[in-house]
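*Asks:* Got a predicted model here, sequence first, then my questions.
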Amino acid sequence: MWFYMPSESANSALEEAESVICRIVRRKLRVTLSNDDGRENNLDALDVLGDVRLKLVRKLSQTEDAPDAEIEDWASYAATVAYNCCNDYLRAKYPERSRLKNALMRLLQKCTGCAVWTSVHGEVLCSFAGQRNEAPDSSRVYELRSQTRVLPAEVQAPQSLETFSPAALLRLVEAVWEHVGGPVPVDDMISVVETVWGIKEAEDVSLTPEDEDTSSPLDRIASTEEQPDSAWLTRERLKLLWGAILQLLPWHRAAYLLNLRDGELDSFPHYGVASVEQIGESLAFTDQQFQILAAEVALNPTKVSQTSVFEGSGQKFVIYWKYIPLEDNTIAKVLGVTRAQVIAYRNKGIERLRRQLKGAV
């Protein structure tokens, strides 16, 4: 069993970066980042956010080992990492968007009246040459994304990605700059072009620039006194681990907990950290999922019918306790996904746990 225990300074750095990276991922990918939002794009964005956090934790670990490599502007570094991870995701998921973005970047770099640059926070911006390095007006940019019909009619003719001309793209881009009155983030410019020309690959979730990040910051994990072989120390560390597990997405949590081997899951009730019922409640299974699980483990129908008197999923889970750990094929059927997805869920869950827990016993 392993645990990640960030130092106090590392925790402060992660907390400082949390709101920055969440805001960037939400705006760049146009998602809510809510754990209750089960749409595919939002789930992907949560994974992207997890990758950003993991990269930041690794960088912190490197700087702790080599103080000379310490980063002066941590928030700007975190923002750059977030932008890069979002760009990697968009390139892989939306190839048409990437083609359009590449065409736009080539056009801007060749045109003497245009400027394209990277802000100190890692965001790529574009504008007329005379407006270079000005700050973008986020509210005006968002307004245009939502109401592209305010642009001149001559730039709104639908275009094909295969046949559009650079001149038509430049006319549209200049119309956007004139309407906004200043620089525009390149990714927002691409969204406007996609909408106007009707070549958009995916619909965005409607968010306003004022939307605040709703995800919880990384909790500061207090260190414990080193007392090897102490039941108290084991219990405290298990509490940290259980708290981190409860922060996982439900499907990541199920893929992780239901496959724990060598009696590791038993340690939670054994040390009084989480009862079997609480473990069951954390899985948040529906009645249908319990029925699938019963069929998979060939549970006696009489016992299944007896669970109807129980109100909570935690109590229903008790009769399945002896069948844990489950094979990935079984977990896949219960979650309604493939075996490969279960493995991916577990790996993501483990990555997210490692952000908060460190060490070994």
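*Replies:* Yep, it's here. Numbering: from 1, shown residues only.

*Asks:* So, low pLDDT: which residues of the stretch 101-250 of the chain?
*Replies:* Counting by pLDDT under 70, the ranges of the stretch 101-250 of the chain that qualify are 146, 200-233.

*Asks:* Helices along that one, start to end?
*Replies:* Ranges of helices within the stretch 101-250 of the chain are 138-146, 166-180, 186-197, 231-245, 250-257, based on DSSP state H, counting those that start in this stretch.

*Asks:* With mean neighbour count as extra columns, can I get these in TSV?
*Replies:* Quick note: C-beta positions are derived from backbone N, CA and C, even for glycine. Conversion of those to TSV gives the following (neighbours: other Cβ atoms under 10 Å):
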stretch	mean neighbour count
helix 138-146	17
helix 166-180	17
helix 186-197	21
helix 231-245	17
helix 250-257	22
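
*Asks:* To R53, which of those lies closest?
*Replies:* Across these, the minimum distance to R53, taken as Cβ to Cβ, is reached by helix 231-245, at 12.5 Å.

*Asks:* Burial check on I319, number of neighbours?
*Replies:* One way to gauge burial is a neighbour count; for I319, by other Cβ atoms under 10 Å, it gives 19.

*Asks:* Okay, the residue most central in space within the chain and E16: tell me how far apart.
*Replies:* When the chain is reduced to its mean C-alpha position, the nearest residue by Cα atoms, centre = their mean turns out to be L46, at 1.9 Å. Separation of L46 from E16 (Cβ to Cβ, to the nearest Å): 21 Å.

*Asks:* what's the angle from the longest helix along the chain to helix 250-257?
*Replies:* Looking across the chain with DSSP state H, the single longest helix is helix 40-65. An angle of 60 degrees separates the directions of helix 40-65 and helix 250-257 when computed by axes from the mean of the first three to the mean of the last three Cα atoms, to 10 degrees.

*Asks:* of all the helices of the stretch 101-250 of the chain, which lies closest to N102?
*Replies:* Comparison of these against N102 by Cβ to Cβ identifies helix 186-197 as nearest, at 10.2 Å.

*Asks:* And for that closest one, what's in contact with it?
*Replies:* Judged by Cβ atoms under 8 Å, 6 or more residues apart in numbering, the contacts made with helix 186-197 from elsewhere in the structure are 28, 90, 97, 100-101, 104-105, 116, 124-126, 141, 144-145, 148, 151, 155-156, 158-159, 161, 164, 169, 172-173, 176, 184, 199-201, 204.

*Asks:* which residues touch E296?
*Replies:* 326, 330, 333-334.

*Asks:* Buried members of the residues you listed into ChimeraX, please.
*Replies:* One line in ChimeraX is enough to select the buried members of these, burial here meaning 16 or more other Cβ atoms under 10 Å:
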select :326,330,333,334
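
*Asks:* average pLDDT for the helix or strand following the longest helix of the chain?
*Replies:* Taking DSSP states H and E as the definition, the helix or strand that follows helix 40-65 towards the C-terminus is helix 74-93. Summarised as a single mean, pLDDT over helix 74-93 is 88.

*Asks:* Now helix 74-93 - C-alpha only, PDB.
*Replies:* The C-alpha atoms that make up helix 74-93 are tabulated as PDB, following Å, rounded to 0.1, in the frame of the first residue of the first chain:
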ATOM      1  CA  TRP A  74       4.000  28.800 -10.300                       C
ATOM      2  CA  ALA A  75       0.500  30.000 -11.400                       C
ATOM      3  CA  SER A  76       1.800  30.800 -14.900                       C
ATOM      4  CA  TYR A  77       3.600  27.500 -15.200                       C
ATOM      5  CA  ALA A  78       0.400  25.600 -14.100                       C
ATOM      6  CA  ALA A  79      -1.600  27.600 -16.700                       C
ATOM      7  CA  THR A  80       0.800  26.700 -19.500                       C
ATOM      8  CA  VAL A  81       0.600  23.000 -18.500                       C
ATOM      9  CA  ALA A  82      -3.200  23.200 -18.600                       C
ATOM     10  CA  TYR A  83      -3.300  24.900 -22.000                       C
ATOM     11  CA  ASN A  84      -0.900  22.300 -23.400                       C
ATOM     12  CA  CYS A  85      -2.900  19.300 -22.100                       C
ATOM     13  CA  CYS A  86      -6.100  20.800 -23.500                       C
ATOM     14  CA  ASN A  87      -4.500  21.400 -26.900                       C
ATOM     15  CA  ASP A  88      -3.200  17.800 -26.900                       C
ATOM     16  CA  TYR A  89      -6.700  16.500 -26.200                       C
ATOM     17  CA  LEU A  90      -8.400  18.700 -28.800                       C
ATOM     18  CA  ARG A  91      -5.900  17.700 -31.500                       C
ATOM     19  CA  ALA A  92      -6.600  14.000 -30.900                       C
ATOM     20  CA  LYS A  93     -10.400  14.300 -30.500                       C
END
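
*Asks:* so what secondary structure elements neighbour it?
*Replies:* Helices and strands in packing contact with helix 74-93 are listed as helix 8-29, helix 40-65, helix 95-110; criterion 3 or more Cβ pairs under 8 Å, 6 or more residues apart in numbering; DSSP states H and E.
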